[in-house]
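Engineer: Pasted the sequence and its predicted model underneath.
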Amino acid sequence: MAVPITILGQNQYGKAENRVVKITRDGGTHHIKDLNVSVALSGDLDEVHYSGSNAHVLPTDTTKNTVFAFAKEHGIETAEQFGIALARHFVDDTEPITSARIRIEEYAWDRIDTSAGPAPHSFARNGRETRTAQITYDSRDGGRLQVLGGLKGLTVLNSTDSEFWGYIKDKYTTLKEDYDRILATEVSAVWRHSWSGDGTPAPDWQESYDGTRTLLLRAFAETYSLSLQQTLYEMGAQVLGGRDELEEIRFSMPNKHHFRADLEAFGIKNEAADGAVYLAADRPYGLIEATVLRDGAEALIPLDMTNL
Ligand SMILES: O=c1[nH]c(=O)c2[nH]c(=O)[nH]c2[nH]1
């Protein structure tokens, strides 16, 4: 059989899921940062694929070591700051590497409350959402940085102020119109900062994350919802309205259906207005996804970013 003529397409490599925990000691009080850092590098790497020459390959093992060395030498202030430092290092200091993508998940820990107050060095893993960040840096387009912040696993529920009616009904439609339903979802969101490392001061990443999260939650709680799509859009609009440093935000939001249990067979009425009992369904679920952009902004967040 003839060997087909082939060429190499897009490629990247690096060490995925470096679990780095940094303790900072402030006298007897300790602080913890717990990250999962994935490095992906690209550049002049054709030869390693074509001939196996490793002359341009910075080993993935080295990229792993770099993550830990940077955590010790520079500390971890925020996921964004840490990712920017790593991305710049790999591209600026290793000739064949022209672009780097650093993906970070951050797990939160709470100080344990003891009888003597908040424990100085004892923590309980917080079951809340995971903070995410993705930093890409490419030396070929003038050294542009792209910083995406985000979160996933933020489960929220409104026990009223949600309706769903007026939809298309065809011969397969069985869904009943609902004027008082539970609206619940697990928010995954990714937002893009306009800052591109152009010499202007970087945003305060922590303040930006906290402020964005607050706006997301407020918009969810305060929107009287006629659909999850409408709630999603309102969440995006409120974030972009309140956070000047952001250009676009993309959401992936499963509709975590709560069906009113049918208790009619037992002669029991189960109306929302009286405080109903619901069956929390797990699968299948509606999946609502959309990007909300500042007018005139380019849509640059990858479409699958929120499902990683
Ligand atoms: O908020 C909703 N949006 C939909 O598109 C939809 N479709 C559906 O069956 N239930 C819902 N709920």
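Structural biologist: Great, that's in hand.
Engineer: how distant is the helix or strand harbouring Ile104 from the center of its chain?
Structural biologist: If you go by DSSP states H and E, Ile104 is part of strand 97-107. Centroid separation for strand 97-107 versus its chain: 13 Å, with CA atoms, centre = their mean, to the nearest Å.
Engineer: same question, stretch 132-149
Structural biologist: Relative to where its chain is centred, stretch 132-149 has its mean C-alpha point 16 Å off (CA atoms, centre = their mean).
Engineer: now stretch 55-73
Structural biologist: Mean-position distance between stretch 55-73 and its chain equals 24 Å (CA atoms, centre = their mean).
Engineer: cool, and stretch 117-124?
Structural biologist: Per CA atoms, centre = their mean, the centroid offset for stretch 117-124 relative to its chain is 27 Å.
Engineer: circling back to that earlier point, now do the buried residues in the strand holding Ile104.
Structural biologist: Buried residues in strand 97-107, counting neighbours by 16 or more other CB atoms under 10 Å, are found at Ile97, Thr98, Ser99, Ala100, Arg101, Ile102, Arg103, Ile104, Glu105, Glu106, Tyr107. The C-beta positions use only the backbone N, C-alpha and C, and glycine is treated the same way.
Engineer: Farthest pair within these?
Structural biologist: Greatest spacing in these, by CB to CB: Thr98 and Tyr107 (31.4 Å).
Engineer: tell me the phi and psi of the residue of the stretch 51-200 of the chain found nearest the ligand?
Structural biologist: Using CB to the nearest ligand atom, the closest approach of the stretch 51-200 of the chain to the ligand is made by Phe164 at 4.5 Å. For Phe164, the backbone dihedrals are phi -150, psi 110 (criterion: degrees, to the nearest 10).
Engineer: Likewise for Glu129?
Structural biologist: phi -70, psi 160.
Engineer: Find the nearest non-adjacent residue to it, please.
Structural biologist: Closest residue to Glu129 apart from its sequence neighbours, by CB to CB, 6 or more residues apart in numbering: Leu154 at 3.9 Å.
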